[in-house]
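Asks: I would like to see how this sequence folds:
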Amino acid sequence: MFDIVIKGGKILDGSGGKAYRADIGIKNEIICEIGSEIDTGCADLIHADGYTVCPGFIDIHSHSDFSLIHNPRAESKVMQGVTTEIVGNCGFSPGPVNPSRFDELMQYLVNTVAISEEEKKAWKYRSQGEFLCQLENCGIAVNIASLVGHGTIKVAAMGFKKEEPSRREHAHMAEMLINELE
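Replies: Numbers count the residues shown, from 1 in each chain. Below is the predicted model:
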């Protein structure tokens, strides 16, 4: 007996092949069978006639890293079928934050992300990993793959100076990047 049967949907399986009509049997959150006329003796039967059933979509350019803390359900994405988001785009990410350059980072982000004064007080992520742990603790509804923002790293190391980084600043940026990648 399956936990869930999705009955009669038009399936696009992600292989690039044509859509086909079939039933899907799910047990313990795993698709166990795809075929016609799967036994519907299950805990949850979903009639999918007239609907397309497909794998979740990946949003490769998302800025949801700045909203998921406040809206972990991510309804606007989930309702579109997005199950995975790539965050940390456009050179900025929530971490790493250098406390001595915090105001500069907020100035950098305010042009793209609406951040309230209350949100600024909580924004002290010393690493992108620390931020991702907080997201995980929120129980977010989507999967996250994270980039670390080169702009965030630059601001943490040298602010907005319009010159080549010193050897020390360059080494600091490289060290931060290595830490983030690890």
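
Asks: ok now the least confident helix or strand in the chain by mean pLDDT, how far from the chain's centre?
Replies: Comparing helices and strands within the chain by mean pLDDT, DSSP states H and E singles out helix 117-122 as the least confident, with a mean of 73. When C-alpha coordinates are averaged (CA atoms, centre = their mean, to the nearest Å), helix 117-122 and its chain have centres 21 Å apart.

Asks: Show me what the helix or strand following it is packed against.
Replies: Next helix or strand after helix 117-122 toward the C-terminus (DSSP states H and E): helix 128-138. Identification of packing neighbours for helix 128-138 by 3 or more CB pairs under 8 Å, 6 or more residues apart in numbering; DSSP states H and E yields strand 143-146. Bear in mind the C-beta positions are built from the backbone N, C-alpha and C, glycine included.

Asks: Longest helix of this protein, counting residues only.
Replies: What stands out as the longest helix in the chain, according to DSSP state H, is helix 167-181.

Asks: Report the distance from it to the chain centre.
Replies: Centroid separation for helix 167-181 versus its chain: 24 Å, with CA atoms, centre = their mean.

Asks: Repeat that for stretch 166-182.
Replies: 24 Å.

Asks: likewise stretch 36-45?
Replies: Taking CA atoms, centre = their mean, the mean C-alpha location of stretch 36-45 is offset from the chain mean by 32 Å.

Asks: Give me the buried stretch members for that stretch, please.
Replies: For stretch 36-45, the neighbour count (16 or more other CB atoms under 10 Å) marks Ile38, Cys42 as buried.

Asks: got a list of contacts for it?
Replies: Among residues not part of stretch 36-45, those counted as contacts by CB atoms under 8 Å, 6 or more residues apart in numbering are Met1, Phe2, Asp3, Ile4, Val5, Lys7, Arg21, Ala22, Asp23, Ile24, Gly25.

Asks: Now intersect these with the strands, please.
Replies: Using DSSP state E, the subset of those located in strands is Ile4, Val5, Lys7, Arg21, Ala22, Asp23, Ile24, Gly25.
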